[in-house]
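J.: Based on what follows, work out the 3D shape:
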Amino acid sequence: MQTRAARLTAALVALVVALAAGLLTPRTAAAAASLAEVTGFGSNPGALRMFRYDPPDLPANAPVVVALHGCTQDAGYAVNSGWTTLADRWHFSVVVPQQSTNNNISKCFDWFQLGDIERGDGEAASIAQMVDRQLADAQGDPSRVFVTGLSAGGGMTAVMMATYPEKFRAAGIVAGLPYDCSNAAGGPYPCMYGWANQTPAQWGDRVRRARPGYTGPWPTLTVFQGSADGTVKPSNMTDLVRQWTDVQGTDQTADVTDTVAGYPHQVYRTSAGQAVVETYSITGMGHGQPVDPATGCGTTAPYVLDVHLCAAYRLGQVWGLG
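T.: Numbers count the residues shown, from 1 in each chain. Okay, here's the model as predicted:
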């Protein structure tokens, strides 16, 4: 297990990464009055905080969405990205892990630290414990649990897919990174710049090593990426496609190529016709979460960008929440 000293060292590494990437800006305002904090959700080896949103009319056996914020953000990400509004509309609950500056000075989830990206340890284990607590408290449907995140939260989304695949039906990564990308590239910053240089099989092997002997279904994946993102380079979406199509046992040739809201969109299917990887390339968008306030989906904030397409809404549709 990662020591506290190692975690503090990781925080200093993250500060360098965040400064170099231009991520340290004033913190996102946490419009989190509707979010409730939950304590005592497990051993919490990653020392995270747990928030959740339960709509007032939440039925039993409702789905659960885990929403992971980006660097410098907090649990208010679930509000700004549109997830709490959709939870009211579609009757599911939202679990919102929150990072602390004690773990990471820029409040990034530690997607690049071995002690936090392995099953049963660190931040990954803490998030898994939050899922278990929410399913028990809300009498949620364990077959309809989903995970999504922005930037560092997107990197941690890939971690949860790889280390706890049995817990999640599907995932959505926004401006994020493939699983174990930092080790593949020789560090978090080279990973963000797309320098990992792995074949699809090598990417897939990194996932398979995270859950040895696993024979169940892997979560399906939807990726959103800004074409003008200078923080997490667009090549990371290509690497995510390579990694998760290989894990799913299909090729890297899209079976559907079209546009959605004017943006390039692709779908990759298995030989049985199941859609397992889907991508949206948001033309001209920088680093951030796509929202569409005009339709009531999301509110602009630092790294939450109005592009007339709401990632949360699109994910909810493909996941069958709406």
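J.: ok, A254 - how many residues close by?
T.: Using other C-beta atoms under 10 Å, A254 is surrounded by 17 other residues. Just so you know, the C-beta spots here come from the backbone N, C-alpha and C atoms, and that holds for glycine as well.
J.: who's in contact with it?
T.: Q266, V267, Y268 (C-beta atoms under 8 Å, 6 or more residues apart in numbering).
J.: For it, what are phi and psi?
T.: The phi/psi pair for A254 (degrees, to the nearest 10) reads phi -70, psi 140.
J.: Centre-most residue in this structure?
T.: Nearest to the mean C-alpha position of the chain, by C-alpha atoms, centre = their mean, lies G149 at 2.7 Å.
J.: Would you confirm that that one contacts V174?
T.: Yes - using C-beta atoms under 8 Å as the test, G149 is close enough to V174 to be in contact (6.9 Å).
J.: circling back: can you pull up the bridge partners for the residue nearest to the centre of the chain?
T.: L68, I173 (DSSP bridges).
J.: And the helices in the chain, which stretches?
T.: 4-21, 77-80, 83-90, 122-138, 152-163, 181-185, 188-192, 200-210, 235-248, 311-318 (DSSP state H).
J.: can you put these in CSV and add distance to P217, mean neighbour count and mean pLDDT?
T.: Compiled in CSV, the helices of the chain are given as follows (distance: least, C-beta to C-beta, whole Å; neighbours: other C-beta atoms under 10 Å; pLDDT from 0 to 100):
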stretch, distance to P217, mean neighbour count, mean pLDDT
helix 4-21, 32, 16, 41
helix 77-80, 26, 28, 98
helix 83-90, 23, 21, 98
helix 122-138, 17, 21, 98
helix 152-163, 11, 29, 98
helix 181-185, 23, 23, 97
helix 188-192, 27, 22, 97
helix 200-210, 13, 18, 98
helix 235-248, 9, 23, 98
helix 311-318, 16, 23, 98
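J.: for these, which one sits closest to C108?
T.: helix 152-163 (3.8 Å; C-beta to C-beta).
J.: what angle separates that closest one from helix 235-248?
T.: 10 degrees (axes from the mean of the first three to the mean of the last three C-alpha atoms, to 10 degrees).
J.: quick one: helix 152-163 to chain centroid distance?
T.: Relative to its chain's centre, helix 152-163 lies at 6 Å (C-alpha atoms, centre = their mean, to the nearest Å).
J.: Point out the other elements, helices or strands, that it touches.
T.: With contacts taken as 3 or more C-beta pairs under 8 Å, 6 or more residues apart in numbering; DSSP states H and E, helix 152-163 sits against strand 64-68, helix 122-138, strand 145-150, strand 170-174, helix 200-210, helix 235-248.
J.: and the ones you listed as JSON lines, adding distance to V277?
T.: As requested, the helices and strands packed on helix 152-163 are exported to JSON lines (distance: least, C-beta to C-beta, whole Å):
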{"stretch": "strand 64-68", "distance to V277": "19"}
{"stretch": "helix 122-138", "distance to V277": "22"}
{"stretch": "strand 145-150", "distance to V277": "15"}
{"stretch": "strand 170-174", "distance to V277": "10"}
{"stretch": "helix 200-210", "distance to V277": "11"}
{"stretch": "helix 235-248", "distance to V277": "5"}
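J.: looking at these, which is closest to C310?
T.: Here strand 170-174 is closest among these (C-beta to C-beta), at 11.2 Å.
J.: these two touch, right, W90 and G320?
T.: No - W90 lies out of contact with G320 (C-beta under 8 Å); the separation is 9.6 Å.
J.: which ones are touching M50?
T.: If you count contacts by C-beta under 8 Å, 6+ apart, M50 has them with E37, V38, T39, F41, V95, V96, P97, Q98, M130, R133.
J.: Mark which of those are part of strands, please.
T.: E37, V38, V95, V96, P97, Q98 (DSSP state E).
J.: could the residues you listed be laid out in CSV, adding neighbour count?
T.: As requested, these are exported to CSV (neighbours: other C-beta atoms under 10 Å):
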residue, neighbour count
E37, 12
V38, 16
V95, 28
V96, 28
P97, 26
Q98, 22
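J.: Just give me the closest of these to Y53.
T.: Nearest to Y53 out of the ones in strands among the contacts of M50 is V96 (C-beta to C-beta; 7.1 Å).
J.: what's across from the closest one in the sheet?
T.: Assigned bridge partners for V96, using DSSP bridges, are F51.
J.: Give me the distance between it and G262.
T.: Taking C-beta to C-beta, to the nearest Å as the measure, V96 falls 30 Å from G262.
J.: for D180, same thing?
T.: Taking C-beta to C-beta, one finds D180 at 34 Å from G262.
J.: can you check T279 too?
T.: Distance from T279 to G262, by C-beta to C-beta: 15 Å.
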